[in-house]
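**Q** sequence isn't available, so here's the structure alone:
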């Protein structure tokens, strides 16, 4: 588990705040509370994590994967896609390299009484060829998300993670949400605009039907 402070904790720490302000003076022409919050992540003082919205997951499943009864997610993370899938009566198979994520997801599933959920700790890079109805995931954003040491040691682009999924899992449909892509631009079916205290950004929904 990461030992880095949260943005709130970093903001309250005078030493970390001054470090970030000095960095922003060097690299940013506009020093503001917004740029300092961005700086916490850029400088890796308080790297942010990405929590996938359960309502967004529900909408994307309804739009692109509604004909499938089973959703497989090789980067299950903080349970957003699990909740979206289960709210639609779908069964959910999730895995993640992070032990804490899986433990928390199991606790959420137990608390809510979710029956059609299977969760396990698994490194995708150690996975063998497996077959599922469909795959829906949001792979780690290389260099932007830091949540444990294994993630820090192995950084891939979104396109490289998509390649891994296509090579390791046989599915009728693959649905990915990524922050950037070059190789799979022709498979973008939707753009998602996001606004938060970290800034404005776009994410892309990629749908691949290999049949």
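**A** The structure has been received and is ready for your questions. These numbers were taken from a predicted model, which means no experiment stands behind them.
**Q** which non-adjacent residue is nearest the spatially most central residue of the chain?
**A** Centroid-nearest residue in the chain: residue 138, 4.4 Å away (criterion: CA atoms, centre = their mean). Of all residues not flanking residue 138 in the chain, residue 177 sits nearest, at 4.4 Å (CB to CB, 6 or more residues apart in numbering). Yep, even glycine has a C-beta here, placed from its N, CA and C like the rest.
**Q** which SSE is that neighbour in?
**A** Assigned by DSSP states H and E, residue 177 belongs to strand 173-178.
**Q** tell me the mean pLDDT over the next helix or strand after that strand?
**A** Along the chain past strand 173-178, the next helix or strand (assigned with DSSP H and E) turns out to be strand 188-196. Here strand 188-196 scores 82 as its mean pLDDT.
**Q** got the contact list for strand 188-196?
**A** By CB atoms under 8 Å, 6 or more residues apart in numbering, the residues outside strand 188-196 that reach it are 56, 64, 177, 181, 200-207.
**Q** what stretches of this protein score poorly on pLDDT?
**A** Across the chain, the stretches falling below the confidence threshold (pLDDT under 70) are 1-11, 16-17, 20, 22-51, 142-154, 195-200.
**Q** what about the helices in it?
**A** 7-11, 14-27, 33-42, 54-64, 80-87, 99-112, 149-153, 158-168 (DSSP state H).
**Q** residue contacts, the closest residue to residue 132 other than its chain neighbours?
**A** In this structure, residue 132 finds its nearest non-sequential neighbour in residue 72, 3.8 Å apart by CB to CB, 6+ apart. In this structure, residue 72 makes contact with 93-94, 132-136, 169, 171, judged by CB under 8 Å, 6+ apart.
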